[in-house]
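J.: could you work out the structure for the sequence below:
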Amino acid sequence: MPKKQIKTTSIRLKLAVTFSLLFLVNGTSISQLPKKALKLIGTWQHVHDQGFETWRLEDNQLLGEAYRVTHLGDTVKIETMKLTYTAKTYQLLVTVFDQNDGRAIRFVSKKNRFMFENSNHDFPKAIVYKFSCWSRNKMEAYLYHPHKDKLPHHIKFRKVN
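T.: Next up is the predicted model:
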């Protein structure tokens, strides 16, 4: 094989390997989160009050922010959330700005479901997200109290983008 042809073949091989690695890295970052988790991406407006959540995909995790709108019309960020998935386990880290000395509280779901639990936390003990089977634009969240006789706090959402 002539030197020029070897050099061209070598360059093509390097380019093919580089593009393959880029494809694998980018494909992995999206595919590690199950499709169910990707449903969270977007902006979700509370149906019965002035709150909303935004979720975005970044570095193989979902990052969320929760806001409320005051009676004066100001938008205030009240918490941040980070959702990761490894070894069939979801982990949800929630940081509420005026609680827990600014530390993130860890909730875990070990059954590949959207039911996150932390029995050591005062409230909520569990957070459950449920997506409507009839509409991609509807979701509900339940925040469970430590007292079994209390009904969970229930939030209905509709997706606005």
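
J.: SS state for the nearest residue to residue 38 once chain neighbours are set aside?
T.: Residue nearest to residue 38 in three dimensions, not counting chain neighbours: residue 57, with 7.1 Å by Cβ to Cβ, 6 or more residues apart in numbering. Every C-beta, even on glycine, is put in place using the N, C-alpha and C of the backbone. Following DSSP: H, G, I helix; E, B strand; the rest coil, residue 57 is assigned to strand.

J.: going forward can the numbers begin at 37, since that is how I track them
T.: Let's use 37 as the start, then, which means that last one is residue 93.

J.: ok, residue 93 - contacts?
T.: 66, 69, 74, 77, 99 (Cβ atoms under 8 Å, 6 or more residues apart in numbering).

J.: among those, which lie within strands?
T.: Applying DSSP state E to these, the entries found in strands are residue 99.

J.: what's the PyMOL syntax to select whichever of the contacts of residue 93 are buried?
T.: Under the burial definition 16 or more other Cβ atoms under 10 Å, those of those that qualify are selected in PyMOL by:
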select buried, resi 69+77
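
J.: which one of the contacts of residue 93 is nearest to residue 135?
T.: When the contacts of residue 93 are compared for distance to residue 135 (Cβ to Cβ), residue 99 wins out at 19.2 Å.

J.: fine, thanks again, bye for now.
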